[in-house]
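Undergrad: any chance you could fold what I've pasted below:
(one chain, ligands or ions: 2)
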Amino acid sequence: MPTSSRNWPAPAKLNLFLHINGRRQDGYHELQSLFQFVDHCDQLHFRARRDDGITLSPAIDGVANDDNLIVRAARLLQRHCDCPFGADIELEKVLPMGGGLGGGSSNAATTLVALNRLWQLNLSEDELAELGLSLGADVPVFVRGLAAVADGVGEILRPVEIDQPWYLVVAPNVAVSTAEIFQAPELTRNSPKLAQPELRPSQWHNDCVGAVIQRYGQVANALGWLIQYAPSQMTGTGSCIFGTFSSQEEALVALADLPDEWRGFVARGCNRSPLLDRALQP
Ligand SMILES: C[C@](O)(CO)[C@H](O)COP(=O)(O)OP(=O)(O)OC[C@H]1O[C@@H](n2ccc(N)nc2=O)[C@H](O)[C@@H]1O
Ligand SMILES: Nc1ncnc2c1ncn2[C@@H]1O[C@H](COP(=O)(O)OP(=O)(O)OP(=O)(O)O)[C@@H](O)[C@H]1O
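TA: Numbering: from 1, shown residues only. Ligands and ions are numbered 1, 2, ... in the order given. Now for the predicted structure:
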């Protein structure tokens with residue numbers, strides 16, 4: 001067994017649209033969403049252990065290692081396969097957390113894919129995606145690594161080829177509760193299901209944005225600022241927003257003006273996740 005495997009990317013995702021089509025008996029929402037990756041990534045490094053210990057360093061402030069989706073993904077895989085080995089995992093975190101960029105879900109997916117390789121478990125992509133779903137709704141799309149339209153409650157994925165523009169992603173200094181937004185009484189829950197929505201950018205919108213900007217003034221302010229530079233939208237249930245640019249230069253010009261109170265980065269949209277490219281290498 002190889003002893004270590006380094007430089008596994010865990011990219012962010014954007015929800016280019018998020019349409020809510022209805023509410024089910026169990027409270028979950030029927031939705032349609034378009035996921036695309038960006039080439040802005042956390043990095044993970046793995047070293048195999050001969051005992052079954054799982055360590056993660058550095059820990060994330062405010063998240064106990066036992067709750068960290070990386071450790072949870074590693075333990076889940078270990079249990080599922082009766083694997084006797086463990087791993088020392090190193091995390092270089094650059095993605096803002098709790099902002100709708102899916103960083104935690106992406107970390108979990110990268111851990112599943114990398115340890116499946118390092119521990120020589122030979123699980124299929126379908127098995128990894130199914131394991132991932134038990135960790136979070138957004139883990140499967142990161143495991144599969146292709147831009148996709150999601151349907152159902154987000155679990156049905158259909159890969160799509162779409163434009164790969166440049167984005168300026170802005171993280172307002174606030175965390176939005178996904179559960180709170182989905183419970184908002186005024187939420188639009190009757191957007192029509194669209195056939196091939198990926199072909200109709202003029203209809204792309206985010207049904208959660210109204211409820212978010214009403215409750216979180218920072219998101220409203222950030223959107224008001226970004227929209228001066230480019231067409232802009234919120235990802236997931238926020239708080240991050242993104243502007244869409246046709247060149248890196250234009251996105252960087254806007255980033256240079258970003259008010260100090262917010263963080264931001266410029267990244268390219270990718271229909272193929274950087275994780276898939278890494279998985280082709282030894
Ligand atoms: C909507 C997205 O942000 C799109 O990327 C994600 O699918 C949400 O993913 P997540 O944060 O992992 O969400 P979960 O932990 O599954 O759900 C958080 C909460 O959002 C609500 N929720 C989520 C997904 C869905 N289809 N309907 C819902 O009503 C539920 O109240 C749930 O308690
Ligand atoms: N490895 C991890 N990286 C980031 N957050 C983690 C991790 N493990 C557990 N968490 C917890 O998960 C929460 C959500 O993190 P994440 O970055 O995935 O949010 P998000 O981008 O809003 O996700 P989503 O788009 O799925 O709602 C964090 O606030 C943190 O408490």
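
Undergrad: what residues does this structure put near ligand 1?
TA: Contact residues (CB under 6 Å from any ligand atom) of the chain with ligand 1: 15, 28-29, 31, 33, 100, 136-138, 153-154, 178-179, 182, 236-237. C-beta: built from backbone N, CA, C; applies to glycine.

Undergrad: for the residue in the chain that ligand 1 sits nearest to, which non-adjacent residue is spatially closest?
TA: When distances are taken as CB to the nearest ligand atom, the chain reaches nearest to ligand 1 at residue 236, 3.2 Å away. Counting by CB to CB, 6 or more residues apart in numbering, residue 100 is the residue found nearest to residue 236 once chain neighbours are left out, at 3.1 Å.

Undergrad: give me the phi and psi for residue 157.
TA: With angles defined as degrees, to the nearest 10, residue 157 sits at phi -120, psi 130.

Undergrad: residues near the residue nearest to it when sequence neighbours are not counted, how many?
TA: Nearest non-adjacent residue to residue 157, counting by CB to CB, 6+ apart: residue 148, 4.3 Å away. Residues within reach of residue 148, counting by other CB atoms under 10 Å, total 21.

Undergrad: repeat for the one 4 residues further on
TA: Residue neighbour count, defined by other CB under 10 Å, stands at 13 for residue 152.

Undergrad: where's the residue nearest to it when sequence neighbours are not counted, which helix or strand?
TA: Once flanking residues are discounted, residue 152 sits nearest to residue 30: 7.0 Å by CB to CB, 6+ apart. Element membership for residue 30 (DSSP states H and E) is strand 29-49.

Undergrad: repeat for residue 72
TA: Using DSSP H and E, residue 72 sits in helix 69-81.

Undergrad: coming back round to it: and the helix or strand that the strand holding residue 30 is followed by, how far from the chain's centre?
TA: Past strand 29-49, further along toward the C-terminus, the next helix or strand under DSSP H and E is strand 54-57. Put simply, strand 54-57 sits 22 Å off its chain's centre (CA atoms, centre = their mean, to the nearest Å).

Undergrad: cool, stretch 216-225 as well?
TA: For stretch 216-225, the distance to the chain centre is 21 Å (CA atoms, centre = their mean).

Undergrad: quick revisit: ok, of the residues of the chain next to ligand 1, which come out buried?
TA: 15, 29, 31, 33, 100, 136, 137, 138, 154, 182, 236, 237 (16 or more other CB atoms under 10 Å).

Undergrad: what about the last one, is that helix, strand or coil?
TA: To tie it back to what came earlier, the one meant is residue 237. coil (DSSP: H, G, I helix; E, B strand; the rest coil).

Undergrad: can you give me every residue that contacts it?
TA: Residue 237 is in contact with 18, 100, 176, 177, 178, 181, 182, 208, 212, counting by CB atoms under 8 Å, 6 or more residues apart in numbering.

Undergrad: which of those residues are close to ligand 2?
TA: Okay, of these touching ligand 2 (CB under 6 Å from any ligand atom), that's 100, 178.

Undergrad: just checking, which of the contacts of residue 237 belong to helices?
TA: Applying DSSP state H to the contacts of residue 237, the entries found in helices are 178, 181, 182, 212.
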